[in-house]
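J.: Prediction below, plus the sequence it came from.
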Protein chains: 2
Amino acid sequence: MPELRKDPIIGRWVIVATERAKRPNDFKVSHADDREGACPFCEGHEKDTLPEVLAVRKKGSKKDKEGWDVRIVPSISQRLDLEGGLDRRGVGMYDVMDPVGAHEIIVESPKHFRDIHELPKKQIELVIETSARRIAELGKNPKLKYCLLFKNHGLRAGGSKVTKHVRSQIIATPVTPTRVKEELWGARFYYKYKDRCIFCDIIRQELESRERVVMDTKNILAVMPYASRFPFEIWILPKNHCSDFVNIKKDEVKDLALVFKTMFAKLNKALNDPPYNYMLHTAPFRHAKRPGYWKTIKEDYHWHIEVTPRITQVAGFEWGSGFYINPTPPEEAAKYLREIKI
Amino acid sequence: MPELRKDPIIGRWVIVATERAKRPNDFKVSHADDREGACPFCEGHEKDTLPEVLAVRKKGSKKDKEGWDVRIVPSISQRLDLEGGLDRRGVGMYDVMDPVGAHEIIVESPKHFRDIHELPKKQIELVIETSARRIAELGKNPKLKYCLLFKNHGLRAGGSKVTKHVRSQIIATPVTPTRVKEELWGARFYYKYKDRCIFCDIIRQELESRERVVMDTKNILAVMPYASRFPFEIWILPKNHCSDFVNIKKDEVKDLALVFKTMFAKLNKALNDPPYNYMLHTAPFRHAKRPGYWKTIKEDYHWHIEVTPRITQVAGFEWGSGFYINPTPPEEAAKYLREIKI
């Protein structure tokens, strides 16, 4: 069984594999080109994945058979398990717990598309709704504290060597990750001082200046942050205050799908299919035993999606220090992306 | 002039280039192989760098001419400047300041070696001493708060496409980076509770169990952390408590050079010249006006070097969340590295 180990200094948790672990000599660096193998995520290959946990299916179709539009399956690497206890214990001065949680793949299309902008807008809406539904389901499990939804597109963004089939991932954890906590604290600190949500203030200011706006729809805004860490970093936010992604409204789903389709098509064209990651930042799961805590997060936090193209190779130093050097002003990148015709 | 912009939510600072910026269309992704060009860091090419700020020179040799052993020059990309004021100001709700600071290259050998383990041990000692000397010099500038010493080895670790000449880098900043603050706070929190340095406790526990020890010398210990984020992550620490790297003693320099030479040779052999980063974590600069603050850091912080091979491609998600999945237990990686013969 893998372990959840805690860094004693800054409190960061790490899943350390023990079974199915990569052996040290698996890591010899190779520069050979990688080609896609047979795709386990295409319709008709349902047997090649673990049994589905949720699927949007055509009437009359059967579980783990053909006839689905969006399908969620546990990750084959399975570092986390919904069964098992919440046993936290010490190992000398260190802390460890069982790897309770879930790691799941959201297969975003039954066909072998490779990037989200290639999907019809209706299909992207279905992906968004199904993702929200699955996160809400996981939120009912009292052992879980947080759910991360993210996408790794392209090898340099952690994408798979085996298949490029369009998909995103969910990791639900029994602890709130350190970066998430940091953002929650920052937002609360601002709220305490100003009695306003910091994200709502950012939206107001960006809509006024417009120089960093990438795309502005009725309900959803895409903007390059003032202190962008990376060239072409984009934040996507609902214009109406809402802390929790699972409460996304039908109109917001439609606009978010439009933003995804347009913006990723533009990125693809502007940067020649760049590797990218995106990650949903949303409120932690709310459990009845912490009602007071939840009241404030509802007011001071605001869900959003952070898109980070991986087109600069400055990872190591910035990773370690939290200090970034961005060679491209976001105002310039936003203008460039606004003007790309697709 | 570049700007230092502050993320309003978590307080992370970013250097955003404005002049000499990369244009958005410079980022089209290419997969062509890169070959080394003419090397500006080799002896005899001193004219190809900016004028040196510090060099260990043979007697009678002249500034910016041949005849040096270690040479420190400002980075050609020059995002930071030691001249200029500390003007912090608001831009609407955002914060910005002038990019006071330094970005310098420590050229670690006059000859075209590519990795630190290829250098003679005496030369590595000289590199360590010269780095400490330069950091101490920068620390006298009251505008600067922190100095980061780091190395990017290999393309995937942010190394240069132009030349692989062995070198490390220094970035001195007018603010303390967020990750550094986080570690300082974590260490202080532990000290307040236990009245002991957390790093000293880690050293004690690791020397007792020995299962994660990579190399143990009289003064310097190399160990894989219990909650390693990456396969083969290594921390190098002085066994005697010391918060500030610039106070490194002669015996520690000798042992650190030995650890560098041995450990990087082992990594090179074990993993086939893997890309890696290392970063020095040391106390912020101490300025007379904050004597009380400094007293506690001296007791509760402990300088060390974090080495992170870049052999897994899981960057994006972990980067965003601070939640890591490590496919290899550090106990196994440490054993593997201990047994490598060089």
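T.: Ah, there it is.

J.: My read is that A:Thr173 contacts A:Leu80, right?
T.: Yes: if you go by C-beta atoms under 8 Å, A:Thr173 and A:Leu80 touch, sitting 7.3 Å apart. Heads up, the C-betas are built off the backbone N, CA and C, glycines and all.

J.: Now the common contact residues for the two.
T.: A shared contact of A:Thr173 and A:Leu80, defined by C-beta atoms under 8 Å, 6 or more residues apart in numbering or on different chains, is any residue touching both; here these are A:Gly101.

J.: Okay, helices next: where are they in the stretch 101-250 of chain A?
T.: In the stretch 101-250 of chain A, helices defined by DSSP state H, counting those that start in this stretch lie at A:121-139, A:178-194, A:198-209, A:250-271, listed in chain order.

J.: Which elements pack onto the helix or strand that the last one is followed by?
T.: Same thing as helix A:250-271. Using DSSP states H and E, the helix or strand that follows helix A:250-271 in sequence is strand A:276-281. In this structure, strand A:276-281 packs against strand A:146-153, strand A:304-309, helix B:315-321, with contacts taken as 3 or more C-beta pairs under 8 Å, 6 or more residues apart in numbering or on different chains; DSSP states H and E.

J.: same question for the longest one, mean pLDDT?
T.: So the one you mean is strand A:146-153. The average of the pLDDT scores along strand A:146-153 is 94.

J.: which of the residues in that strand are buried?
T.: Buried residues in strand A:146-153, counted by 16 or more other C-beta atoms under 10 Å in any protein chain shown: A:146-153.

J.: Kindly reformat the helices and strands packed on strand A:276-281 as TSV containing distance to A:Gly90.
T.: Conversion of those to TSV gives the following (distance: least, C-beta to C-beta, whole Å):
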stretch	distance to A:Gly90
strand A:146-153	23
strand A:304-309	35
helix B:315-321	25
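
J.: So for B:Ser209, which of the ones you listed sits nearest?
T.: Distances from B:Ser209 to each of the helices and strands packed on strand A:276-281 were compared using C-beta to C-beta; the shortest belongs to helix B:315-321, at 26.4 Å.

J.: still on that earlier bit, which among the helices and strands packed on strand A:276-281 is found nearest to B:Ile135?
T.: For B:Ile135, the closest of the helices and strands packed on strand A:276-281 is helix B:315-321, at 27.0 Å, according to C-beta to C-beta.

J.: which helices and strands sit right next to that closest one?
T.: If you count contacts as 3+ C-beta pairs under 8 Å, 6+ apart, helix B:315-321 packs onto strand A:146-153, helix A:178-194, strand A:276-281, strand A:304-309, helix A:315-321.

J.: try 10 Å
T.: Secondary-structure packing of helix B:315-321 (3 or more C-beta pairs under 10 Å, 6 or more residues apart in numbering or on different chains; DSSP states H and E): strand A:146-153, strand A:167-173, helix A:178-194, strand A:276-281, strand A:304-309, helix A:315-321, strand B:324-326.

J.: could I have that helix exported to CSV, CA atoms only?
T.: Extracted as CSV, the C-alpha positions of helix B:315-321 are listed here (Å, rounded to 0.1, in the frame of the first residue of the first chain):
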residue,chain,number,x,y,z
ALA,B,315,5.2,18.7,-13.1
GLY,B,316,2.0,20.5,-13.8
PHE,B,317,-0.4,19.2,-11.3
GLU,B,318,2.1,18.9,-8.5
TRP,B,319,3.3,22.4,-9.2
GLY,B,320,-0.1,23.9,-8.9
SER,B,321,-1.3,22.0,-5.8
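
J.: and that helix, average pLDDT?
T.: Per-residue pLDDT values over helix B:315-321 give a mean of 71.

J.: cool, and stretch A:326-339?
T.: Taken as a whole, stretch A:326-339 carries a mean pLDDT of 91.

J.: Can that stretch be said to contact chain B?
T.: Yes: figure legend: stretch A:326-339 in contact with chain B (C-beta under 10 Å from any C-beta of the partner chain); contacting residues A:326-337, A:339.

J.: Pull out the buried residues from those residues.
T.: For the residues of stretch A:326-339 next to chain B, a neighbour count by 16+ other C-beta under 10 Å gives the buried set as A:326-337.

J.: returning to that earlier point: okay, the buried residues of strand A:146-153 in TSV with distance to chain B next?
T.: As requested, the buried residues of strand A:146-153 are arranged in TSV below (distance: C-beta to the nearest C-beta, whole Å):
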residue	distance to chain B
A:Tyr146	9
A:Cys147	11
A:Leu148	6
A:Leu149	10
A:Phe150	5
A:Lys151	8
A:Asn152	5
A:His153	9
